[in-house]
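**Student:** what would the 3D arrangement of this be:
(2 chains, ligands or ions: 1)
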Amino acid sequence: MDCNEIRRLLEAATDGELDVAHQLAVEEHLGRCPLCARAVEGIHARRTALQTALPRFTAPPALAEKVRSALRNEGAPVRTSASQSKRADVFPLWRVTGLAASLAMALFVGYTWGGSRVRTQALVDEAVSDHVRSLQANHLMDVASTDQHTVKPWFAGKLAFSPPVTDLAGVGFPLVGGRLERVAGQDAAALVYRRRQHAINLFIWPARREAAPPVTRERDGYNVVSWTDGSFNFLAVSEIPAVELADFAEEIRQATP
Amino acid sequence: MEASVPNEPPSFEQAMLPHLDAAYNLARWLLRHEQDAEDAVQEAFLRAYRAFGRFRGGDGRAWLLTIVRNVCFTQLRRNHPSVVREVFEDDLHGSTFDPGEVNALVWRETKAAQLQLALDKLAPEFREVIVLHEIEGLAYREIALVSDIPIGTVMSRLARARRKLQTELQALARKETTHGL
Ligand SMILES: [Zn+2]
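**Tutor:** The predicted model follows:
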């Protein structure tokens, strides 16, 4: 990558928002380019200034009580501030239990993908990184169309299989386009759907060689759902909430006979 | 599914009250007025309570902050209809935005009061991304959820906000040298 490309990535790199491959490319470049390294110094000076000079305002002590009493007027079961310390004990416990449950779940789903938890994680990592890169590189689509009858033929000749393409505009997930990707070492169709302002990448590839594991997982705030119908593997990834992505997956399942 | 399989779902108070400071900080920076910020936070909590049935777990802070910022922007649009326009035109230029050079000297020499003044001068949408990212420490995707804009727009808006901030600081510094001496 040349200096111009690196400069475009610097803000995201210093914000810790790049995927590993690009992060390494940026660091490698900074090691041998004093000009770009100077630009990073400026960014660091700016960050230091912003983070030391800008106060985080804390709510006035009376506001918590005002909010509580407004909530009680609404009929909400709200503790008084005096009993708050109890809540502090209960909350972490609930979180620990939730965490233990998610670990158990992760172990459980992990062993279905060819018996390898590591490979399942690699699949999730790869999908999230593809998704992030497609957003950052402004490379969501090679074919932009809201028409499934345009998107489907576009893949013909580019892939050795014909992916099922369905528009879900009727249920709030309009199809906006597609492109080619590699997933799990295989050629895959990437269909791009929109949910409000957010993109969903749906990767589809043949299940002949290996059926995808049934995964529902969150990584770095991105949600990933994968499944197989025997002929094709499906993997959906997006920053939309897990529940919405599950709805999306269900709609795709129902639309794909 | 994996992210939230609690034995017992948290109450509204458990899920949302820990984010009171985050809510107040955002409202205080957006509205730039203590009492207005308190009122906005109170209204946001009431709206959040009424909508809590639709909260399906996950990032409670982002969910609450979305409501806070919507309350604040409704108020801003009502009271200052002109301030909200500039940003949309800016967003139209897409995310292939060149952030320009960061002037390290400007940032090293700036004083806290100047920086706060400069931030107050930005359009609220620009102030919002700075507050969420630099003060509240939200990642791009969290800001995308709070402000309901694509991640690409988060990046370009943040880059523009930072550059506008630098321009304001330079203007303030010039003012100080002409009037201050
Ligand atoms: Zn360079």
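**Student:** and the residue nearest to A:Arg133 when sequence neighbours are not counted, what does it touch?
**Tutor:** Distance criterion CB to CB, 6 or more residues apart in numbering or on different chains; nearest residue to A:Arg133, sequence neighbours excluded, is A:Asp19 at 5.8 Å. Every residue, glycine included, has its C-beta placed from N, CA and C. Applying CB atoms under 8 Å, 6 or more residues apart in numbering or on different chains to A:Asp19 gives the contacts A:129, A:132-133.
**Student:** phi first, then psi, for A:Leu50.
**Tutor:** The phi/psi pair for A:Leu50 (degrees, to the nearest 10) reads phi -60, psi -40.
**Student:** is it true that it touches B:Gly137?
**Tutor:** No: using CB atoms under 8 Å, A:Leu50 is not in contact with B:Gly137, being 11.4 Å away.
**Student:** rewinding a little: which ones among the contacts of A:Asp19 map onto helices?
**Tutor:** Judged by DSSP state H, helices contain the following of these: A:129, A:132-133.
**Student:** just the buried members of those?
**Tutor:** A:129, A:132 (16 or more other CB atoms under 10 Å in any protein chain shown).
**Student:** what sits closest to B:Leu46 if chain neighbours are left out?
**Tutor:** Leaving aside its sequence neighbours, B:Leu46 sits nearest to A:Ala70 (CB to CB, 6+ apart; 5.9 Å).
**Student:** er, A:Pro214 actually
**Tutor:** Nearest residue to A:Pro214 in three dimensions, chain neighbours excluded: A:Trp227, at 5.3 Å (CB to CB, 6+ apart).
**Student:** now, among the contacts of A:Asp19, which is nearest to the ion?
**Tutor:** A:Arg133 (21.0 Å; CB to the ion).
**Student:** report pLDDT for that closest one.
**Tutor:** On the pLDDT scale, A:Arg133 is placed at 76.
**Student:** distance of it from chain B?
**Tutor:** Remark: distance between A:Arg133 and chain B (CB to the nearest CB, to the nearest Å) = 11 Å.
**Student:** and for A:Asp229?
**Tutor:** For A:Asp229, the distance to chain B - CB to the nearest CB - is 19 Å.
**Student:** what sits against the closest residue to that residue other than its chain neighbours?
**Tutor:** Leaving aside its sequence neighbours, A:Asp229 sits nearest to A:Thr256 (CB to CB, 6+ apart; 6.2 Å). Going by CB under 8 Å, 6+ apart, A:Thr256 touches A:164, A:166, A:229, A:232, A:234.
**Student:** same question, A:Ala169
**Tutor:** A:146, A:175.
**Student:** can we see that at 10 Å?
**Tutor:** A:Ala169 sits next to A:146, A:148, A:175-176, A:193-194 when contact means CB atoms under 10 Å, 6 or more residues apart in numbering or on different chains.
**Student:** can you list the domains in chain B?
**Tutor:** B:7-86, B:88-181 (automatic domain parsing).
**Student:** ok, which of these comes nearest A:Cys3?
**Tutor:** Smallest distance to A:Cys3 across the domains of chain B (CB to CB): 12.2 Å, for domain B:88-181.
**Student:** centre of the chain to the closest one, how far?
**Tutor:** 11 Å (CA atoms, centre = their mean, to the nearest Å).
**Student:** how about the strands in the stretch 101-250 of chain A?
**Tutor:** Using DSSP state E, counting those that start in this stretch, the strands of the stretch 101-250 of chain A run over residues A:143-144, A:175-183, A:186-195, A:198-206, A:215-219, A:222-228, A:232-238.
**Student:** who does the spatially closest residue to A:Leu202 that is not a sequence neighbour form a beta bridge with?
**Tutor:** Leaving aside its sequence neighbours, A:Leu202 sits nearest to A:Leu191 (CB to CB, 6+ apart; 4.4 Å). Beta bridges link A:Leu191 to A:Gly178, A:Leu202 when assigned by DSSP bridges.
**Student:** quick check, A:Leu191 in contact with A:Ala236.
**Tutor:** Yes: at 9.3 Å, A:Leu191 counts as touching A:Ala236 under the criterion of CB atoms under 10 Å.
**Student:** now do the shared contacts for these two.
**Tutor:** A:200-204, A:252.
**Student:** alpha carbons of stretch A:50-65, as CSV, please.
**Tutor:** Extracted in CSV, the C-alpha atoms of stretch A:50-65 (Å, rounded to 0.1, in the frame of the first residue of the first chain):
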residue,chain,number,x,y,z
LEU,A,50,-9.3,15.6,23.5
GLN,A,51,-9.2,13.1,26.3
THR,A,52,-7.6,15.3,28.9
ALA,A,53,-9.5,18.5,28.1
LEU,A,54,-13.0,17.4,27.6
PRO,A,55,-14.9,16.6,30.8
ARG,A,56,-17.3,13.7,31.1
PHE,A,57,-20.2,15.4,32.9
THR,A,58,-21.7,13.3,35.7
ALA,A,59,-25.3,13.4,36.5
PRO,A,60,-26.1,15.6,39.5
PRO,A,61,-26.9,13.4,42.6
ALA,A,62,-30.5,14.6,42.7
LEU,A,63,-31.1,13.4,39.1
ALA,A,64,-31.0,9.7,39.9
GLU,A,65,-33.7,10.2,42.5
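**Student:** does that stretch reach chain B?
**Tutor:** Yes: residues of stretch A:50-65 are located near chain B by CB under 10 Å from any CB of the partner chain, namely A:50-60, A:62-64.
**Student:** mind listing what the residue of chain B found nearest chain A touches?
**Tutor:** Proximity of chain B to chain A (CB to the nearest CB) peaks at B:Val102, 3.3 Å away. Neighbour list for B:Val102: A:10-11, A:38-47, B:162-163, B:166 [criterion: CB under 10 Å, 6+ apart].
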